[in-house]
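Colleague: curious how this folds, go ahead:
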Amino acid sequence: MAATPVWSVDPRTGKQREEVTAEATPRDVDRAVRAAHSARAALADRTARVAFLRAAADLLDEAGPLVVETADAETALGPARLTGELARTTGQLRAFADAVEEGSHLDVRIDLADATLTPPRPELRRYKVPLGVVAVYAASNFPLAFSVPGGDTASALAAGCPVVVKAHPDHPATSELCAALLRRAAGASGLPPEVVHVVHGFDAGLELVRHPLVTAAGFTGSLRGGRALFDAAAARPVPIPFHGELGSLNPVVVTPAAAAEGAETIGGGLAGAVTLGVGQFCVKPGLVLVPEGPDGDRLTGALAKSLGETGPGVLLDHRMRENFLAGVRERAALPGVTSPVLPGPGGEHSVGAGYLSVRAATLLEGGPHEVLLEECFGPVTVVVRYAEPREATEVLARLGGNLSATLHLSAAETEGVPGPAGSPSAAELIGQVTELAGRIVVNGWPTGVAVAPAQHHGGPYPAATSHSTSVGATAIERWLRPVAYQSVPDALLPPELREANPLGLPRRVTGGQR
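Modeller: Okay, the predicted model is just below:
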């Protein structure tokens, strides 16, 4: 049987551009995983890993115009957006190189022997080692930063784990180009190119998560697809960790005092967050709680004005476009739901942005309105009008896990000044949203996830399948496991744990640093 071709498709026209490669067969996946597995020993060299990550960043930057052109042809995200995404991608590669060079990710801990304790303590030396081959499932909406050269790949390589990436079908040519640059960087750093592989095809994704030599997986995508892979990872004879980001509603709460103080500013900012990237960001605000009354009207008026001034945009593929339009139609048809600015087709291949509105009391009735509490991928948000603060907190209590939650507060509320009697304080609101989100934003917008050591991009299920982050320095922890050595002679210890600390690593020693 002939191999199924993989085509690059232009989302602006829906037409195939070029045949890129072929879908991987089970044998292809097996070869890729085994080749990656054989490259583990080479990646054990921290110095080579650091050089590799930096070389990869340099090569991606050098090839920037071609990378951006290729990605734009397949995603229609635009050169400006993709140039910024490329900078983010190379920046996080360099950030992981810095983290590996510094060495604190190994979490070296040494407890010296102490016979006077009860029970007596033997000498214990602990650090973290790489898991092995990692499967990465590329995202549709970030063809660079969450795909072949993205954060999952960069953090896994930084941990010392070879990677096999299942490319997203929306940007196969971009995936192949970036993979070639990564393999070239590996060779220039003295590493085998087999440290990175790319496979294509739906069946390849299932074969990959089930392969016995794959030790962990990272995924960014839909709830349905991620849950299927998560279940497959758990059903293996030897289950593996599956770090999945599965989508999020990212609720926003605007207090009455905040609406009174800055309704127009909040409404305009909300429009920008909803339409950024044509609404295809995983942290797009999808549910916004706004007070009823004149101040709420001013806010939604500013939102409608800004949305009306936003031109149509092209989604990543026609399947997403059809799902978006169907989702909007389903929600707009519900009793009590209005469409002040109805999202819909902006042309044969594009969509227009908008928002839907519903009273909190109607939403709290449940039934078919529960769909309003589910993510709709694209440039739309649901504005929920609450008559009293209790309704807002009741809506929040109905939500599952989210990547982010945002509060818009007045200046007085940010200083801890209590609101009207019966209203939750700002501290109480923060406490409530902390239970349902991985990142809390005050007087800002969740779009634009900074790559920083303190960042957390994850959240309670279904936002994510684990409590780890996929952005920031601590993302490397997903691909490491701790090992403790008890009473092992110094000459037999790994260099990272030897008494003389030959690698100069930061370490925590009982009684102080040394």
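
Colleague: which stretches of the stretch 301-450 of the chain have low pLDDT?
Modeller: Within the stretch 301-450 of the chain, the set of residues satisfying pLDDT under 70 is empty.

Colleague: now the helices for it?
Modeller: Taking DSSP state H, counting those that start in this stretch as the test, the helices found in the stretch 301-450 of the chain are 318-332, 360-363, 389-397, 411-414, 426-434.

Colleague: which residues touch the last one?
Modeller: Think helix 426-434. For helix 426-434, contacts defined as C-beta atoms under 8 Å, 6 or more residues apart in numbering pick out 251, 253, 255, 393, 396-397, 405, 407, 409, 413-414, 416, 419, 424, 440, 442. Any C-beta I mention is one placed from the backbone N, CA and C, and that applies to glycine too.

Colleague: just the C-alphas of that helix, formatted as PDB.
Modeller: The C-alpha trace of helix 426-434 is given here as PDB (Å, rounded to 0.1, in the frame of the first residue of the first chain):
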ATOM      1  CA  ALA A 426     -10.500  41.300  46.500                       C
ATOM      2  CA  ALA A 427      -8.600  38.900  48.700                       C
ATOM      3  CA  GLU A 428     -11.600  36.500  48.800                       C
ATOM      4  CA  LEU A 429     -11.900  36.700  45.000                       C
ATOM      5  CA  ILE A 430      -8.200  35.900  44.600                       C
ATOM      6  CA  GLY A 431      -8.700  32.900  47.000                       C
ATOM      7  CA  GLN A 432     -11.600  31.600  44.900                       C
ATOM      8  CA  VAL A 433      -9.900  31.800  41.500                       C
ATOM      9  CA  THR A 434      -6.700  30.400  42.900                       C
END
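
Colleague: buried set for it?
Modeller: By neighbour count on 16 or more other C-beta atoms under 10 Å, the buried set for helix 426-434 is A426, L429, Q432, V433.

Colleague: for A392, see how far away the second one is.
Modeller: Distance check for L429 against A392: by C-beta to C-beta, to the nearest Å, it reads 9 Å.

Colleague: report the set of residues contacting both of the two.
Modeller: Taking C-beta under 8 Å, 6+ apart as the criterion, L429 and A392 both touch V253.

Colleague: among the contacts of helix 426-434, who's most crowded?
Modeller: Neighbours here mean other C-beta atoms under 10 Å. Within the contacts of helix 426-434, the largest count is held by A405, at 29 neighbours.

Colleague: now the protein, which segments are flagged as low pLDDT?
Modeller: Scanning the chain for pLDDT under 70 picks out 1-2, 511-514.

Colleague: residue most distant from the centroid, it?
Modeller: T116 (48.1 Å; C-alpha atoms, centre = their mean).

Colleague: so that residue: helix, strand or coil?
Modeller: Assigned with DSSP: H, G, I helix; E, B strand; the rest coil, T116 falls in the coil class.

Colleague: do A87 as well
Modeller: Classification of A87 using three-state DSSP returns helix.

Colleague: counting neighbours, what do you get for it?
Modeller: 16.

Colleague: T153 is nearest to which of the helices of the stretch 301-450 of the chain?
Modeller: Among the helices of the stretch 301-450 of the chain, the nearest to T153 by C-beta to C-beta is helix 318-332 (23.3 Å).

Colleague: distance between that closest one and the chain's centre?
Modeller: Computed by C-alpha atoms, centre = their mean, to the nearest Å, the separation of helix 318-332 from the middle of its chain amounts to 23 Å.

Colleague: hmm, who's touching that helix?
Modeller: Contacts of helix 318-332 (C-beta under 8 Å, 6+ apart): 11, 14, 140, 280, 315, 337, 339, 342-345, 349, 351, 354, 356, 371-372, 376-378, 380, 382.

Colleague: that helix: which residues count as buried?
Modeller: If you call a residue buried by 16+ other C-beta under 10 Å, then helix 318-332 has these buried ones: M320, R321, N323, F324, L325, G327, V328, R331, A332.

Colleague: wasn't L206 part of a helix?
Modeller: Yes. Assessed with three-state DSSP, L206 lies in a helix.

Colleague: residue numbering should commence at 851 henceforth.
Modeller: Sounds good: first residue 851 from here, last item L1056.

Colleague: run a quick neighbour tally on the closest residue to it other than its chain neighbours.
Modeller: Counting by C-beta to C-beta, 6 or more residues apart in numbering, the nearest residue to L1056 once its immediate chain neighbours are dropped is A1082, at 6.4 Å. Applying other C-beta under 10 Å, we find 18 other residues in the vicinity of A1082.

Colleague: ditto for S1156
Modeller: Residues near S1156, counting by other C-beta under 10 Å: 20.

Colleague: what's downstream of the host helix or strand of D1081, the next helix or strand?
Modeller: D1081 is part of helix 1073-1085, with elements assigned from DSSP states H and E. Per DSSP H and E, the first helix or strand lying C-terminal to helix 1073-1085 is strand 1092-1095.

Colleague: that next one - contacts with which helices or strands?
Modeller: Packed against strand 1092-1095 by the contact rule (3 or more C-beta pairs under 8 Å, 6 or more residues apart in numbering; DSSP states H and E) you find strand 1064-1070, helix 1073-1085.

Colleague: figure out how far stretch 1211-1219 is from the centre of its chain.
Modeller: Centre-to-centre, stretch 1211-1219 and its host chain are 30 Å apart (C-alpha atoms, centre = their mean).

Colleague: and that stretch, how far apart are its ends?
Modeller: For stretch 1211-1219, the first-to-last residue distance is 11 Å (C-alpha to C-alpha, to the nearest Å).

Colleague: tell me which residues in it are buried?
Modeller: Along stretch 1211-1219, these residues count as buried under the neighbour rule (16+ other C-beta under 10 Å): A1211, T1212, L1213, H1219.

Colleague: looking at those residues, which is nearest R1348?
Modeller: Here the nearest of those to R1348, counting by C-beta to C-beta, is L1213; it sits at 60.9 Å.

Colleague: verify the contact between the closest one and V1234 for me.
Modeller: Yes. Using C-beta atoms under 8 Å, L1213 makes contact with V1234 at a distance of 5.7 Å.

Colleague: okay if I get the buried residues of helix 1168-1182 as CSV plus distance to V1059?
Modeller: Listed next are these as CSV, based on distance: C-beta to C-beta, whole Å:
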residue, distance to V1059
M1170, 23
R1171, 28
N1173, 24
F1174, 28
L1175, 31
G1177, 28
V1178, 33
R1181, 33
A1182, 37
